[in-house]
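> Only the shape, not the letters, is given here:
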(Lines give C-alpha, C1' and ligand atoms only; values in the text may rest on other atoms or scores of the structure.)
Protein backbone atom coordinates (compact mmCIF):
# COMPACT_ATOMS: atom_id res chain seq x y z
CA UNK A 1 0.00 0.00 0.00
CA UNK A 2 1.38 3.38 -1.01
CA UNK A 3 2.39 5.48 1.97
CA UNK A 4 4.21 8.81 1.74
CA UNK A 5 6.89 9.75 4.25
CA UNK A 6 8.30 13.28 4.48
CA UNK A 7 11.60 14.12 6.12
CA UNK A 8 13.97 17.04 6.49
CA UNK A 9 11.95 19.58 8.40
CA UNK A 10 13.39 21.61 11.23
CA UNK A 11 14.13 25.00 12.70
CA UNK A 12 16.23 27.49 10.72
CA UNK A 13 16.83 31.22 10.66
CA UNK A 14 15.54 33.52 7.97
CA UNK A 15 17.70 33.39 4.86
CA UNK A 16 18.84 29.83 5.44
CA UNK A 17 17.93 26.69 3.49
CA UNK A 18 16.22 23.38 4.13
CA UNK A 19 15.72 20.35 1.95
CA UNK A 20 12.65 18.20 2.35
CA UNK A 21 12.32 14.73 0.94
CA UNK A 22 9.29 12.62 0.13
CA UNK A 23 9.59 8.86 -0.18
CA UNK A 24 7.23 5.92 -0.54
CA UNK A 25 8.90 2.75 0.68
CA UNK A 26 8.48 0.00 -1.89
CA UNK A 27 7.18 2.34 -4.60
CA UNK A 28 8.72 4.42 -7.38
CA UNK A 29 7.44 7.97 -7.13
CA UNK A 30 8.39 8.80 -10.71
CA UNK A 31 5.12 7.16 -11.73
CA UNK A 32 3.10 9.66 -9.71
CA UNK A 33 2.36 13.35 -9.93
CA UNK A 34 3.61 14.76 -6.64
CA UNK A 35 2.59 18.01 -5.02
CA UNK A 36 3.90 19.82 -1.97
CA UNK A 37 1.40 21.60 0.23
CA UNK A 38 1.97 23.60 3.37
CA UNK A 39 -0.24 24.83 6.16
CA UNK A 40 0.75 27.78 8.28
CA UNK A 41 -0.79 28.28 11.73
CA UNK A 42 -4.28 29.70 11.40
CA UNK A 43 -4.20 29.58 7.62
CA UNK A 44 -5.64 27.34 4.92
CA UNK A 45 -3.55 24.67 3.30
CA UNK A 46 -1.65 26.01 0.27
CA UNK A 47 -0.31 24.11 -2.72
CA UNK A 48 3.22 25.33 -3.37
CA UNK A 49 4.37 23.05 -6.16
CA UNK A 50 3.38 20.17 -8.37
CA UNK A 51 5.48 17.97 -10.61
CA UNK A 52 3.78 15.78 -13.19
CA UNK A 53 4.91 12.27 -14.01
CA UNK A 54 3.73 11.93 -17.60
CA UNK A 55 4.42 15.29 -19.23
CA UNK A 56 7.10 16.47 -16.77
CA UNK A 57 5.44 19.81 -16.12
CA UNK A 58 6.40 21.65 -12.97
CA UNK A 59 4.55 24.47 -11.28
CA UNK A 60 5.17 26.71 -8.27
CA UNK A 61 3.06 29.08 -6.23
CA UNK A 62 4.02 32.72 -6.60
CA UNK A 63 4.90 32.80 -2.90
CA UNK A 64 7.82 30.38 -3.42
CA UNK A 65 8.77 30.88 -7.07
CA UNK A 66 12.48 31.54 -7.44
CA UNK A 67 13.26 30.27 -3.93
CA UNK A 68 11.98 26.69 -3.90
CA UNK A 69 12.94 23.92 -6.31
CA UNK A 70 11.33 20.50 -6.74
CA UNK A 71 13.22 17.58 -8.24
CA UNK A 72 12.98 13.85 -8.55
CA UNK A 73 15.92 12.10 -6.93
CA UNK A 74 17.38 8.63 -6.36
CA UNK A 75 16.26 7.26 -9.74
CA UNK A 76 12.72 8.44 -9.11
CA UNK A 77 12.34 6.95 -5.66
CA UNK A 78 12.08 10.30 -3.90
CA UNK A 79 10.94 13.84 -4.57
CA UNK A 80 12.93 16.64 -3.01
CA UNK A 81 11.85 20.17 -2.14
CA UNK A 82 14.86 22.46 -1.88
CA UNK A 83 13.91 25.60 0.02
CA UNK A 84 16.30 28.55 -0.15
CA UNK A 85 16.13 32.09 1.21
CA UNK A 86 13.58 31.00 3.76
CA UNK A 87 11.32 33.57 5.36
CA UNK A 88 9.36 33.48 8.62
CA UNK A 89 6.17 33.30 6.57
CA UNK A 90 7.36 29.95 5.19
CA UNK A 91 6.76 28.45 8.62
CA UNK A 92 4.24 25.63 8.62
CA UNK A 93 3.66 21.94 8.21
CA UNK A 94 4.75 20.71 4.80
CA UNK A 95 2.96 17.80 3.17
CA UNK A 96 3.87 15.57 0.26
CA UNK A 97 0.82 14.54 -1.78
CA UNK A 98 0.53 11.92 -4.51
CA UNK A 99 -2.11 11.99 -7.24
CA UNK A 100 -3.80 8.59 -7.42
CA UNK A 101 -6.08 9.06 -10.45
CA UNK A 102 -3.71 10.54 -13.04
CA UNK A 103 -0.01 10.86 -13.75
CA UNK A 104 -0.23 14.63 -14.21
CA UNK A 105 -0.99 17.63 -12.04
CA UNK A 106 -3.32 18.99 -10.71
CA UNK A 107 -4.16 16.81 -7.77
CA UNK A 108 -7.70 15.39 -7.90
CA UNK A 109 -7.44 12.24 -5.83
CA UNK A 110 -4.83 12.91 -3.18
CA UNK A 111 -2.86 10.63 -0.91
CA UNK A 112 -1.30 12.69 1.88
CA UNK A 113 1.86 12.16 3.82
CA UNK A 114 1.95 12.81 7.55
CA UNK A 115 3.69 16.17 7.19
CA UNK A 116 6.90 17.65 8.51
CA UNK A 117 7.29 20.87 10.50
CA UNK A 118 9.32 23.75 9.10
CA UNK A 119 9.96 26.71 11.38
CA UNK A 120 11.78 29.82 10.20
CA UNK A 121 12.79 32.30 12.87
CA UNK A 122 13.38 35.98 12.16
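Sure, I can see it. A quick note: this is a predicted structure, and the numbers were derived from the prediction, not measured. Residues are numbered from 1 along each chain as shown.

> Residue 51 bridge partners, please.
Using DSSP bridges, the bridge partners assigned to residue 51 are residue 34, residue 58.

> isn't it right up against residue 80?
No - at 10.3 Å, residue 51 and residue 80 do not qualify as touching, with contact defined as C-beta atoms under 8 Å. Using the backbone N, CA and C atoms, a C-beta is placed for each residue, glycine as well.

> The residue positioned nearest the centre of the chain: what's it in contact with?
In the chain, the centroid-proximal residue (C-alpha atoms, centre = their mean) is residue 36; its distance is 2.8 Å. Residues in contact with residue 36 (C-beta atoms under 8 Å, 6 or more residues apart in numbering) are 20, 22, 47-50, 70, 81, 94-97.

> run the last query once more with 10 Å
Residue 36 makes contacts with 6, 20, 22, 46-51, 60-61, 64, 68, 70, 79-81, 83, 94-97, 113, as judged by C-beta atoms under 10 Å, 6 or more residues apart in numbering.

> And the average pLDDT for the helix or strand where it lies is what?
Per DSSP states H and E: residue 36 is located in strand 34-39. Strand 34-39 shows a mean pLDDT of 98.

> what's around residue 7, how many residues?
For residue 7, the tally of surrounding residues (other C-beta atoms under 10 Å) stands at 14.

> follow-up on the earlier one: can you flag the buried ones in the contacts of residue 36?
By neighbour count, with 16 or more other C-beta atoms under 10 Å, those hold 6, 20, 22, 47-51, 60, 64, 68, 70, 79-81, 83, 94-97, 113 as buried.
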